[in-house]
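>>> no sequence on this one, just coordinates:
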């Protein structure tokens, strides 16, 4: 029942009782820009496993299902409790966090678990992707409260409990990128460094490409969070300027996948519609006040 | 480097927000409004050849203004909406296979129905409109506004044509009704999930009324008897020619004209 790969691995060798094996199919890629390939792995079943613990067993074994030694599969993870947002991957075809993807549930769908890296970001290696564009989106919309100076501004304004309740769900965003992965309007942008191109020139060209692409639901929602904050709204116009620039709110196609896949249940479509309303009013204001 | 590429950004990219908002607006006004008027006008054929001819005469009462109005408020806006629409479709990556949610299915259908509706509108013009007359040849009789019901009944005689019109019309109606819901989010009219659900019922209602009007028109055309409709249209034509020509509507003049 157990693949030969694990007969030599003391950590996973079973006791006398009958053991189930978990079959895993992983889309691997050795380096950026290289061809991807499928690889099968088998790990012994343990109760209460999640996809991260399966990946830990695979890394410890470092053998494919056919027993061939392979480089350990690489993946990203950190908190293991669905708050850091780093372990997003495609599990059985859908975007979700690996830490909260429980193996017992996944096996209800089928015998084999399929893991793929996110498809909207450049692959660094195996299941690790470069989510630079996601963070660039937050930077573009200035997803922060601007208080970085040397003056004492005193206590901030009071925020009513109603406003807090409205804002809190938006603040739970962990930049996991599920909303972007599921969005049909957020299309992968993967510029490649040209021969002889200086790293700085490449970084600048890449940023330009990111900035012309759709900014994404996460950034729109954060812009609305900080535009509703009494101090954050001091630069509300700058955020709306970004949201109406190329790649802004107008790129949304209202498929509403973002809100359906968000692991934190953030009302992203409400944020998008509010951003649409703000953009409408802002555009009218600009038209007549200019 | 970035400055060069920003400068090289196309007119379309630089004015993306404005163009997409005008695209969204055009879908409602004037294109969507025209669709509503068009389908409701057509459904008057359920009341018989006379009531339909009345409506057609009202529209053609615009006289020499009709063509400029058609071009400015119907053809150019549809063309603009279609061109931007195809750019939007080309920029998206439908993923309904991986994420079969209701909203995602609607997103995909919105794109499919837009393309079907556009192809259908081109065919519709070739089939019935004066714009398509040069492409029509003699095989297709076309539509004569002075013989509205009879020419329509001849043009729509085959079952296949009825099926084609039903598909094209339903695609356009879906595209408008779902687009109405989507437009409300784009402009920020309805923002909360509850408001979006209520707005959804509005869209379903608008879509249902228009679909019934469109299908009703097809039924109405099938109920037209070509000969009696033509006789009625001839009688009305006589009356109209007399009014236009200033000929006194004496019984003698009428009978003389009918006799020829």
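Received the coordinates, thanks. This is a predicted model, so every value here is computed, not measured.
>>> near chain A, which residues of chain B show up?
B:1-2, B:5-6, B:9, B:13-14, B:16-18, B:20-21, B:88, B:91-95, B:98-99, B:101, B:103-104, B:106-108, B:110, B:181-182, B:185-193, B:196 (C-beta under 8 Å from any C-beta of the partner chain). Heads up, the C-betas are built off the backbone N, CA and C, glycines and all.
>>> For PyMOL, what selects the buried ones among these?
Here is the PyMOL selection string for the buried members of the residues of chain B next to chain A, based on 16 or more other C-beta atoms under 10 Å in any protein chain shown:
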select buried, chain B and resi 16+17+20+21+88+92+94+95+98+99+101+103+104+106+107+108+110+181+182+185+186+187+188+189+190+191+196
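>>> Surely residue B:109 touches residue B:174?
Yes: here residue B:109 reaches residue B:174: they are 6.5 Å apart, a contact under C-beta atoms under 8 Å.
>>> residue contacts, the nearest residue in space to residue B:219 that is not next to it in sequence?
Distances taken as C-beta to C-beta, 6 or more residues apart in numbering or on different chains put residue B:46 closest to residue B:219, at 6.9 Å, once the chain neighbours are dropped. For residue B:46, the contact set (C-beta atoms under 8 Å, 6 or more residues apart in numbering or on different chains) comprises B:216-217, B:219-220, B:223.
>>> Tell me how far residue B:46 lies from residue B:214.
As judged by C-beta to C-beta, to the nearest Å, residue B:46 and residue B:214 stand 11 Å apart.
>>> same question, residue A:113
Taking C-beta to C-beta, one finds residue A:113 at 48 Å from residue B:214.
>>> Settle it for me: which of residue B:109 and residue B:174 has more neighbours?
A count of neighbours by other C-beta atoms under 10 Å in any protein chain shown puts residue B:174 above the other of residue B:109 and residue B:174, at 22 against 17.
>>> what's the neighbour count on residue 213?
Just so you know, I chose chain A. The tally of other residues near residue A:213 (other C-beta under 10 Å) stands at 21.
>>> that answer is for a different chain, and I need it for chain B
If we define neighbours as other C-beta under 10 Å, then residue B:213 has 21 of them.
>>> same check, this time on residue A:148
Neighbours of residue A:148 under the rule other C-beta under 10 Å: 6.
>>> Torsion angles phi and psi at it?
Backbone geometry at residue A:148, expressed as degrees, to the nearest 10, gives phi -80, psi 80.
>>> hmm, back to that, now, which of the residues of chain B next to chain A lie within helices?
If you go by DSSP state H, these have B:2, B:5-6, B:13-14, B:16-18, B:20-21, B:88, B:91, B:103-104, B:106-108, B:110, B:181-182, B:185-186, B:193, B:196 in helices.
>>> Pull up the residues of the stretch 101-250 of chain A that are close to chain B.
Proximity of the stretch 101-250 of chain A to chain B, by C-beta under 8 Å from any C-beta, involves residues A:182, A:184-185, A:187, A:201, A:204-205, A:207-208, A:212, A:244-250.
>>> can you tell me which residues contact the closest residue to chain A within the stretch 101-250 of chain B?
Of all residues in the stretch 101-250 of chain B, the one sitting closest to chain A is residue B:188 (2.2 Å; C-beta to the nearest C-beta). Counting by C-beta under 8 Å, 6+ apart, residue B:188 touches A:273-281.
>>> restrict those to contacts with chain B.
Of the residues in these, proximity to chain B by C-beta under 8 Å from any C-beta holds for A:273-281.
>>> How many neighbouring residues does the nearest residue to residue B:148 once chain neighbours are set aside have?
Among residues not flanking residue B:148 along the chain, residue B:56 sits closest, at 4.2 Å (C-beta to C-beta, 6+ apart). When neighbours are defined as other C-beta under 10 Å, residue B:56 has 23 of them.
>>> In terms of secondary structure, what does the helix or strand hosting residue B:56 contact?
If you go by DSSP states H and E, residue B:56 is part of helix B:49-60. If contacts are counted by 3 or more C-beta pairs under 8 Å, 6 or more residues apart in numbering or on different chains; DSSP states H and E, helix B:49-60 sits against helix B:31-42, helix B:148-155, helix B:226-245.
>>> Just want the angle from the longest one to helix B:49-60.
By that I understand helix B:226-245. When axes from the mean of the first three to the mean of the last three C-alpha atoms, to 10 degrees is applied, the directions of helix B:226-245 and helix B:49-60 differ by 40 degrees.
>>> so how far is helix B:226-245 from its chain's centroid?
27 Å (C-alpha atoms, centre = their mean, to the nearest Å).
>>> Stretch A:272-285 too?
For stretch A:272-285, the separation from the chain centroid amounts to 26 Å (computed by C-alpha atoms, centre = their mean).
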